[in-house]
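Peer 1: using only what follows, build the 3D model:
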Amino acid sequence: DNAEIQMGAGPDLRIYHNGSDSIIRDSGTGGLQIAGSLVAITNASVNANGLLFTDGGSTKLFFNGNEKLTTKTDGVDITGEVQCDSLDVDGDVDFDGGQVTFNASANTLDFVDGAKAHFGTSDDLQIYHNGSDSYIQQSGAATGDIIIEQNVDDKDIIFKSDDGSGSTTDYIKLDGSQVSVQ
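Peer 2: Numbering: from 1, shown residues only. All right, here's what the predicted structure looks like:
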């Protein structure tokens, strides 16, 4: 214990065991580099990888021998749950193979036909398009009403229809205490 292999003028590189831990210590100029066509950091039994570097390829991180993170040409592939205190995504987001996407340049959250936005503990409010019709639906264990509220004086609530040419028709107009139906 505590006997050292020392290399360099400083000594820059020291390898030793202190009675409790085995230590490789680089204290010289430059950094510590470990190189090889395949470099693995494994468990004590040398039968499960912890970290695996492949020359010209991926780097893999393992938990208990199970691959959890792999680098790839366009980013990383993560297997399992990602738990974090904060998530900052700078760009587009694709959920479940494109069922729901966030387009960062258009600033839109897009749902494919049949994908629903649910609100409430029991999915009380659902908004979706089934491929033919669009729905705002109250279901589940909902006990209250659907309320559309306008809290700005002198502003109306208007239900419109667009004929496809850009021309719209007011079908229902709620103006204070008056209701107009076309």
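Peer 1: could you use CA atoms for every contact and neighbour count after this?
Peer 2: Will do.
Peer 1: need the pLDDT of Phe111.
Peer 2: pLDDT for Phe111: 95.
Peer 1: nearest spatial neighbour of it, chain-adjacent residues omitted?
Peer 2: Leaving aside its sequence neighbours, Phe111 sits nearest to Val100 (Cα to Cα, 6 or more residues apart in numbering; 4.6 Å).
Peer 1: mind listing what that neighbour touches?
Peer 2: Residues in contact with Val100 (Cα atoms under 8 Å, 6 or more residues apart in numbering) are 94, 109-112, 115.
Peer 1: same check on Ile158?
Peer 2: Contacts of Ile158 were listed using Cα under 8 Å, 6+ apart, and they are 170-174.
Peer 1: swap the cut-off to 7 Å and go again
Peer 2: Contacts for Ile158 (Cα atoms under 7 Å, 6 or more residues apart in numbering) come out as 170, 172-174.
Peer 1: go through those and name the one nearest Tyr135.
Peer 2: Closest to Tyr135 out of those is Ile172 (18.0 Å), distances taken as Cα to Cα.
Peer 1: wait, that closest one touches Phe159, no?
Peer 2: Yes: under the criterion of Cα atoms under 7 Å, Ile172 is in contact with Phe159, at a separation of 5.1 Å.
Peer 1: among the contacts of Ile158, which ones are buried?
Peer 2: The neighbour-count test (16 or more other Cα atoms under 10 Å) marks Lys173 as buried among these.
Peer 1: so which of the contacts of Ile158 sit within helices?
Peer 2: Judged by DSSP state H, the subset of the contacts of Ile158 located in helices is empty.
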